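> prediction below, plus the sequence it came from.
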Amino acid sequence: MDETFHLTPLDVRRYDFGRTLRGYDPERVEQFRQQVAEELERLTRQTQELEAKAKGFHEQLRAFRERDKALNDALVSAQQLRGEIREQSEREAQLILREARGEAEKYLEGSRNEIRHLHAHIAELERSRRNYLAQLRVMAERQLADISAAEQVPAPPVPAPPPGIVVPPEVRVAPAGRAAEE
């Protein structure tokens, strides 16, 4: 629209064409002016409505653009956060793996030390067992030798029981050199 010239329905209704002798039919001019004024009023209302709608649409568009920007910013932030979380998770996973491997190595080393200790203890027990068996063999051989020597020595004579003591027949011992009476 040209900003220098605004024609309003009131301007059309008040405009005076002037009178001439051979001019237009005043009734028809008046009727046409009335139609033009009404059309201008309708167009003015329609323009105002359209401008109001346009203003509303511009406001909605601005709001949508702000939301779009906010959503894009949120999306970018979420993607960055996802990347950071992924990186942090991977670092934590690597740390956990390193710690687990370290713990496993400590456990394995402890188990190896325990196995070496147990092997040494078993070897010590085996030496102790052999020593014990050797000592037992020596002691058993001595006792067998003592038994053999005791069998070689004659038994001493058993004194007769004092008078008044009755000895049962199965316990009686024969005087030296004789068998017990049965």
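Good, I have the coordinates. Just so you know, these numbers come straight off a predicted model, no measurement behind them.

> longest helix anywhere in this structure?
Using DSSP state H to assign secondary structure, the helix with the most residues in the chain is helix 26-152.

> sketch out the low-pLDDT regions of this protein for me.
Where the chain drops to pLDDT under 70, the residues are 1-5, 171-182.

> and the residue lying farthest from the centre of the chain, its phi and psi?
Distance from the centre of the chain peaks at Leu21, with 103.2 Å (Cα atoms, centre = their mean). When quoted as degrees, to the nearest 10, the phi and psi of Leu21 stand at phi -70, psi -40.

> what separates it from His119, distance-wise?
For Leu21, the distance to His119 (Cβ to Cβ, to the nearest Å) stands at 143 Å. C-beta: built from backbone N, CA, C; applies to glycine.

> now swap in Ala155 and tell me
Separation of Ala155 from His119 (Cβ to Cβ) stands at 55 Å.

> what of Glu109?
Here the distance between Glu109 and His119 works out to 16 Å (Cβ to Cβ).

> how about Glu38?
In this view, Glu38 and His119 are 117 Å apart by Cβ to Cβ.

> give the residue from the two that has the larger number of neighbours.
Neighbours around Glu38 and His119, counted as other Cβ atoms under 10 Å, are more numerous at Glu38. The numbers are 13 against 10.

> check contacts around that one.
For Glu38, the contact set (Cβ atoms under 8 Å, 6 or more residues apart in numbering) comprises Pro9.

> distance of His58 from Glu51?
Spatial separation of His58 from Glu51 under the definition Cβ to Cβ is 10 Å.

> related to what we said a few turns ago, mind checking how far the longest helix of the chain is from the chain centre?
Here the centre of helix 26-152 is set off from its chain's centre by 6 Å, with Cα atoms, centre = their mean, to the nearest Å.

> going forward can the numbers begin at 2, since that is how I track them
Got it, the first residue is 2 from now on, which makes the last one we talked about helix 27-153.

> buried stuff in stretch 33-40?
When burial is assessed from 16 or more other Cβ atoms under 10 Å, stretch 33-40 yields the following buried residues: Arg34, Ala38.

> could you export that stretch as CSV, CA atoms only?
Taking C-alpha atoms only, stretch 33-40 is exported to CSV below (Å, rounded to 0.1, in the frame of the first residue of the first chain):
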residue,chain,number,x,y,z
PHE,A,33,-21.8,4.1,-6.6
ARG,A,34,-20.1,6.1,-3.8
GLN,A,35,-22.2,4.2,-1.3
GLN,A,36,-21.1,0.9,-2.8
VAL,A,37,-17.5,1.9,-2.9
ALA,A,38,-17.7,3.1,0.7
GLU,A,39,-19.2,-0.3,1.8
GLU,A,40,-16.6,-2.2,-0.2
